[in-house]
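Could you look at this predicted model? Sequence included:
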Amino acid sequence: MKHKFLSAAIGMCLAFGQAYAYDFAAGGILYKILSNTNTRKTVAVTYATTTPDASGYITTYKGDVVIPAQASWNMQTFNVTQIGDLAMFNNQSVYSVTLPEGVSAIGNQTFSHCYSMEYIVIPSTLTRIGDYAFEYCEDLTTISLPANLGMIGDGAFQQCYGLQSINVDEENLEFKSVEGVLFSGKSSQSGMTLFVYPGSRPDPTFSVPEGTKAIDPYALSANTTLKNLILPASLKTIGAFAFSECYVLEFFEVKEGNENFSSYYGVLFNADKSTLIQYPCCRPYDTYEVPDGVATLGEMSFSQMRTITDLTLPATLRHIEPMAFFANDGLQTITCKAEVPPTWSTSPIMPSAGLFESAVYQSAILRVPAASVEAYRKASGWSNFRDIVAIDDAAVSTVEADSTAPVESFDLQGRAADSSARGIIIERRGNTITKTLRR
């Protein structure tokens, strides 16, 4: 989902481009005055511009950046209390950042796209981290959060591919670290929420602790190491896109007693298996048959899936939720046993996206009940398939041929087909005609 976060970054650049123009510079740091009274003089660290220079990046800040606790200007001394929105956004030459005691807030997208930042020192006074504050900090490996921190915004650690652990002071009342995984709601009576799973946590297996009631949206997205995820009996909700871009995930296990979710051969379903919630991206099989009884394929349920070439959908399937097959272009054969073409929903995130990828429409064969071929050829999302055939007709048929005659190949529309063509191919050798399914 990189496109979503990158567009968000661009949007916020435009939104905050004027609001945080700096008032003065001191020691290579730019500041915006927040208050200037006799009793309170405070500033936020900010930026000069959000427009990349000739290098293609922003180079306002470089190297190991140390923010002082105070800044002097015009014969006045100001306390540094915030690191403002977009302060170091897209600064590719920042390797580390040290924040002083007294800083209470890190703003929205403050360090977003600082790809080269390897570590940051966070003070005990920090209480707030803004939305997408560290997104795409790909070289950041660990981060330690203080006891006073009470709020972390949406997507604060999105696409931090190198992040191995998030540590939290044990006295923090809101957040907790379990084996380097960040949870929120530590003291909540409603139970904890899995908030952020580090992108490169070394252990390939993680058992979500009992008592966890929710998994936050995008909580495990863009993970590069997790293969097996064990969900507790206490889990009640899973947020949108929680498993997007988990490219090595192979297996879900749901503990006995869970009333909301279940797993079947490593695939995640709701409790009664009427909805397939998530197929692991890297489940090690090239064929899969969705079980009978499944009526709905969940949002992004087969998205970015890298292993299946042949997929069978059950006769019970009625609806497909948004982006179920997003970025899934490896399918070669889709068999849908439903007599009525299942309906599907578009996504507000990508309203132009089809039910399947364009490459699938062009190269895959859609096999459906014989009586339903015409219905699929007219149905939204299904009519785009180049090859729609009856399930019985898709079997390979062979007859004895004259081995000396030249072979001519055609598709079902009578067009000449070369050796790279796939789908139902009609081959004529002399007076002998053979129908073949090429994959």
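Alright, I've got the coordinates.

Quick check, residue 192 in contact with residue 176.
Yes: counting by CB atoms under 8 Å, residue 192 touches residue 176, with 6.9 Å between them. C-beta coordinates here come from the backbone N, C-alpha and C atoms, glycine included.

which neighbours do these two share?
183, 184, 186 (CB atoms under 8 Å, 6 or more residues apart in numbering).

and the host helix or strand of the first one, C-alpha only, in CSV?
Residue 183 belongs to strand 181-184 when assigned by DSSP states H and E. Taking Å, rounded to 0.1, in the frame of the first residue of the first chain, the C-alpha atoms of strand 181-184 are listed here in CSV:
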residue,chain,number,x,y,z
VAL,A,181,6.0,-5.7,19.6
LEU,A,182,4.0,-2.6,20.5
PHE,A,183,0.6,-2.9,22.2
SER,A,184,-1.7,-0.1,23.3
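
I'd like to know which elements it is packed against.
strand 165-168, strand 175-178, strand 192-196 (3 or more CB pairs under 8 Å, 6 or more residues apart in numbering; DSSP states H and E).

got the shared contacts of residue 192 and residue 176 as JSON lines, with distance to residue 372 columns?
Putting those into JSON lines (distance: CB to CB, whole Å) gives the following:
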{"residue": "183", "distance to residue 372": "48"}
{"residue": "184", "distance to residue 372": "48"}
{"residue": "186", "distance to residue 372": "53"}
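
ok, of the residues you listed, which one's closest to residue 251?
Taking CB to CB as the measure, residue 251 sits nearest to residue 183 out of those, at 22.1 Å.

In this structure the closest one contacts residue 195, no?
Yes: the pair formed by residue 183 and residue 195 meets the contact definition of CB under 8 Å, at 5.7 Å.

who touches both of the two?
Residues touching both residue 183 and residue 195 by CB under 8 Å, 6+ apart: residue 175.

quick check, residue 206 in a strand?
Yes: per DSSP: H, G, I helix; E, B strand; the rest coil, residue 206 lies within a strand segment.

Tell me what it is bridged to.
Under the criterion DSSP bridges, residue 206 forms beta bridges with residue 229.

Quick check, it in contact with residue 226.
Yes: contact criterion CB under 8 Å: residue 206 and residue 226 qualify, at 6.3 Å.

Mind jotting down where the strands sit in the stretch 51-200 of the chain?
63-66, 70-73, 76-83, 94-98, 105-106, 119-121, 128-129, 142-145, 151-152, 165-168, 175-178, 181-184, 192-196 (DSSP state E, counting those that start in this stretch).

Same list as before, those strands that is, but in TSV and with mean neighbour count, distance to residue 358 and mean pLDDT included.
TSV is the format used below for the strands of the stretch 51-200 of the chain (neighbours: other CB atoms under 10 Å; distance: least, CB to CB, whole Å; pLDDT from 0 to 100):
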stretch	mean neighbour count	distance to residue 358	mean pLDDT
strand 63-66	14	45	98
strand 70-73	16	54	97
strand 76-83	18	43	98
strand 94-98	19	39	97
strand 105-106	24	41	98
strand 119-121	16	42	97
strand 128-129	20	39	98
strand 142-145	18	40	98
strand 151-152	18	38	98
strand 165-168	19	39	98
strand 175-178	20	42	98
strand 181-184	23	38	98
strand 192-196	23	34	97
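
As TSV, those with distance to residue 361 would be great.
Below are those laid out as TSV (distance: least, CB to CB, whole Å):
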stretch	distance to residue 361
strand 63-66	49
strand 70-73	59
strand 76-83	47
strand 94-98	44
strand 105-106	45
strand 119-121	46
strand 128-129	43
strand 142-145	43
strand 151-152	41
strand 165-168	41
strand 175-178	44
strand 181-184	39
strand 192-196	36
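
right, so of these, which gets closest to residue 347?
strand 192-196 (23.6 Å).

for the closest one, packing partners?
strand 181-184, strand 212-215.

Pull the distance from it to the chain's centre.
Its chain's C-alpha centre and that of strand 192-196 lie 16 Å apart, by CA atoms, centre = their mean, to the nearest Å.

any residues touching that strand, and which ones?
152, 156-157, 166, 175-176, 181-186, 208-209, 211-216, 219-220.

Stretch 273-293 - what's its average pLDDT?
For stretch 273-293, mean pLDDT rounds to 96.

Pull up the distance across that stretch, start to finish.
Distance across stretch 273-293, first residue to last, is 7 Å (CA to CA, to the nearest Å).

In that stretch, which of the residues would be classed as buried?
273, 275, 276, 277, 278, 279, 280, 281, 283, 288, 290 (16 or more other CB atoms under 10 Å).

what's the neighbour count on residue 318?
14 (other CB atoms under 10 Å).

May I ask you to confirm that it is in contact with residue 296?
Yes: applying CB under 8 Å as the test, residue 318 and residue 296 come out as touching, 6.8 Å apart.

Leaving out chain neighbours, which residue sits closest to residue 49?
Of all residues beyond its chain neighbours, the one nearest residue 49 is residue 58 (6.9 Å), with distances taken as CB to CB, 6 or more residues apart in numbering.

Could you list the low-pLDDT ranges of this protein?
Residues of the chain that meet the criterion pLDDT under 70 lie in 1-20, 393-406, 408, 410-416, 419-439.
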